[in-house]
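> Give me a 3D structure for the following:
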Amino acid sequence: MKLLNGVTGFYDYTLYEPPQVNYNQFKQLCYSYTFTNQNKARVIDSNVDAGLTNFYLAHLEHEGVPIYILLNMHHPYLAFASRVDVEHIHFVNHTAMYEFFCAYYHVLPTSELNRPVNKKLLSDSKLNKAEMEQITYWQPKTVGEIIFNYWD
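So this is what the prediction gives:
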């Protein structure tokens, strides 16, 4: 996978701003998912915390199990996690949710999210200078830590 320009949320403020993914559509789709899976899923919370993260987050419960849905704010990359906190996001695959959300977003599997960051991945990327500086500073270990981050 190529990491696209702006995916981290950082950019050269004098040149351009990365695209924005529609939060309201994401929130609506989370509720639509629970509606189509009555008695199996419910939305616990959804939020926009644009100052602290580069992703939208929805907390659902599916068949009694907590699950988080993360959507990158700048590119339509979506992932699922069993735990989300500043120190670590534990990504998981979720077949039922994948089948629903893949019609709207590029749903990333854990094999891609947990892929180690290396020089080739970064040199093949479309990341801008500001993003590369952040990567040097934060030292992410996986692709998931670049696409879904708490960098400030």
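
> Given the worst-scoring helix or strand of the chain on mean pLDDT, what are its sheet partners and their directions?
Ranking every helix and strand in the chain by mean pLDDT, DSSP states H and E puts strand 41-47 at the bottom, with a mean of 78. Its sheet considered, strand 41-47 pairs with strand 55-62 (antiparallel) by DSSP bridges.

> Just the C-alphas of the partner strand, formatted as PDB.
The C-alpha trace of strand 55-62 is given here as PDB (Å, rounded to 0.1, in the frame of the first residue of the first chain):
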ATOM      1  CA  PHE A  55      -9.100  10.000  12.600                       C
ATOM      2  CA  TYR A  56     -12.800   9.800  13.500                       C
ATOM      3  CA  LEU A  57     -13.800   7.200  16.000                       C
ATOM      4  CA  ALA A  58     -17.000   5.400  16.700                       C
ATOM      5  CA  HIS A  59     -17.400   3.000  19.700                       C
ATOM      6  CA  LEU A  60     -19.900   0.200  19.000                       C
ATOM      7  CA  GLU A  61     -21.000  -2.900  20.700                       C
ATOM      8  CA  HIS A  62     -21.500  -5.900  18.400                       C
END
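
> Buried residues, that strand. List them.
Within strand 55-62, the residues scored as buried using 16 or more other Cβ atoms under 10 Å are Phe55, Tyr56, Leu57, Ala58, His59, Leu60, His62. Backbone N, C-alpha and C define where each C-beta goes, glycine included.
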